[in-house]
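Asks: Sequence first, then the predicted structure, then my questions.
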Amino acid sequence: MHRIGLGILAVNLLAQAPATDRRNTYVPTTDTHFQMPEYRTLAEWEARRAHLRKQILFAAGLLPLPEKTPLRPQVFGRIEREDYSVEKVYLETLPGYFLGGNLYRPLRRTGKLPAVANPHGHWNYGRLEHQPLGSVPARAVQQARMGYVAFTYDMVGYNDTVQTPHAFGGAAEQLWSFGPLGLQLWNSIRVIDFLESLPEVDPARIAVTGASGGGTQTFLLSAVDDRVSFAAPVNMVSAIMQGGSPCENAPGLRRETFNVEIAAMTAPRPMQLVAATGDWTRNVPREEFPAIRRIYELYGKPENVDAVQFDAPHNYNKESREAVYGFFARRLSPPGDPPSTAERGFRIERLPDMLVLHGRALPSNALAYDDLFRQWKQAAASQSDSTRDAAALRERLLLALGAQWPASVRHQESGGAIVLGREGSGDRVPGLWQEGRGTPALVVHPGGAQAARSTPQFQALAKAGRPVLAIDAFQTGAAAAPRDRSHRHFLAFNVTDDAARVQDILTALAFLRSRSSQPVELVGLEKAAVWTLFAAAVAPVEVKLSSDWSGFRGTDAEFQRDLFVPGIQRAGGLAAAVRLVGGR
């Protein structure tokens, strides 16, 4: 009766099998027009938010977070004006890695004060840009005049933060999730640490605001660090453009998500969206803002998010800044005595008086790029080696792979041919299927199902009368098909071919387990042995692994050749997979 039921299910699903694999036809990019999913309950959203938080941190190379070593802040070069002061600041956010910035403080203020972190966008002068479309010093001076402690700080590769370029990282760096987005997000987290350490700062009233690339930093920081109590991302929360720089597009960051959903993670904390008619935030009042407001409604706090839009090109101009000052005044300042939100004139300081490294060398312990990358890898490997929780290791590998154990597997059978797919995913995994008795087996060959069927391993299993499945894992055998990988930020939105192959192995394993209570024997041949090792490592069920990966030592070069998956080394690499398989 059980097999009859499965047969009926297969017939019913026949017409539902996709004609093509969606992973080849839907290739999202920074310019895809995304749609916000509908979340009907707070519990549903909170589960999604928790997953996204881990996904963001993992893509940034920050899961688990690096050790918070002493910042050793250097604060010097104080300049006092009529109602505020400004100083140079250097923070050691990682051992031997330094972040530059400027600290603006109000004069003649007492008690605990709000603080504002101010990341900047891709302006030519970075945190010191001052022109009509955007002035970082103007907003910091005004924040200080309003009674706030304001800190402006560099993007990587800008001004005083010069130990890496702004855009960097090849395949080896991607394996370890070492890139500009991760360093910038870590710097922002450490900036909150620095602001909290200042005796005059009220840690319950810390805000962040920035425009363009600084807007991306604003909502990413707010998404992963709940110490940010107020956020104002400017001209960046968009459903139609997701950021053009490597510092905004780490591999895996926007897999099945986009900026609007990430910005919504600020809820229910107060947030103001600032938009412009002349850039990709032109639809905010009628599209992005209502979508985010629906998340705030789940918390019963729709009044905690608002949006303003100005008729202007891409900017953080005076009008936009004054709108944010008004938002801060309503949220940060004590009731009864609102500060003025109108910008007044101020003195632009000379660049030498603002730059930390003017007339100074880098600290003696500052690391060169290669040494910084080497330290990153050593710290990551140490964290993985010291992780005793198998579930945590498995979770990190799954985040790297972008893979999941299917809740259900759809299948279509016709003679000895079969097509598998995860419900709702659009995946199409062709294969060859032989019914039988006893322990089921899955054979994976890098040449596909036909190549697997001709091997002695498959023939021996078939001769023994066992159930045997061979698949055309993604882009192998009959599954080979055109796939546009040309977009420079392809990996921010899409998995690699090798990661998709591991997913297909998991899908096939889930199918076999649905037909038998016995552990599946998994046979990986040639370089597919490595694919099957990682599939067995992340599978939530017992797998009998019969694959010889002994020639694979887990070096960066070997991962680039046999299993190129960004973040796989950061997740523990070969050692983690072997531990998980051996620990069953």
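Replies: Done, it's in.
Asks: tell me the pLDDT at the closest residue to Glu196 other than its chain neighbours?
Replies: Using CB to CB, 6 or more residues apart in numbering and skipping residues adjacent in sequence, the residue nearest Glu196 is Pro203, 4.8 Å away. The C-beta positions use only the backbone N, C-alpha and C, and glycine is treated the same way. In the predicted model, Pro203 carries a pLDDT score of 98.
Asks: In three-state terms, label Pro203 for me.
Replies: Classification of Pro203 using DSSP: H, G, I helix; E, B strand; the rest coil returns strand.
Asks: From Arg227, how far out is it?
Replies: Distance, Pro203 to Arg227, using CB to CB, to the nearest Å: 7 Å.
Asks: quick one on the thing from earlier: ok, now how distant is the residue nearest to Glu196 from Pro114?
Replies: 10 Å.
Asks: One more: Asn102?
Replies: Distance, Asn102 to Pro114, by CB to CB: 18 Å.
Asks: the more surrounded of those two?
Replies: Each of Asn102 and Pro114 has its neighbours counted (other CB atoms under 10 Å); Asn102 has more, 28 against 24.
Asks: who's the nearest residue to the more buried one once chain neighbours are set aside bridged to?
Replies: Spatial nearest neighbour of Asn102, chain neighbours left out: Thr152 (5.0 Å); criterion: CB to CB, 6+ apart. On the basis of DSSP bridges, Thr152 is bridged to Asn102, Asn118.
Asks: check contacts around Thr152.
Replies: Residues in contact with Thr152 (CB atoms under 8 Å, 6 or more residues apart in numbering) are 101-102, 104, 118, 120, 127, 136-137, 140.
Asks: what about the residue nearest to Glu196, how many neighbours?
Replies: 14.
Asks: which stretches of the stretch 251-400 of the chain have low pLDDT?
Replies: Counting by pLDDT under 70, the stretch 251-400 of the chain shows no low-confidence range.
Asks: the strands in it, which residues?
Replies: Ranges of strands in the stretch 251-400 of the chain, per DSSP state E, counting those that start in this stretch, are 271-278, 305-313.
Asks: Select, out of the ones you listed, the one closest to Gln503.
Replies: Between Gln503 and the strands of the stretch 251-400 of the chain, the shortest gap by CB to CB is with strand 271-278, which sits at 34.6 Å.
Asks: on that earlier part again, report the set of residues contacting both of Pro203 and Arg227.
Replies: Shared contacts of Pro203 and Arg227 (CB under 8 Å, 6+ apart): Glu196.
Asks: give me the number of residues near the residue nearest to Tyr84 when sequence neighbours are not counted?
Replies: Nearest in space to Tyr84, with sequence neighbours left out and distances taken as CB to CB, 6+ apart, is Ala144 at 3.8 Å. For Ala144, the count of nearby residues is 25 (other CB under 10 Å).
Asks: do Asp31 as well
Replies: If we define neighbours as other CB under 10 Å, then Asp31 has 12 of them.
Asks: Was I right to think it contacts Ala239?
Replies: No. In this structure Asp31 lies outside contact range of Ala239 using CB atoms under 8 Å: 10.8 Å.
Asks: Return the most buried member of the strands of the stretch 251-400 of the chain.
Replies: strand 271-278 (a mean of 23; mean count of other CB atoms under 10 Å).
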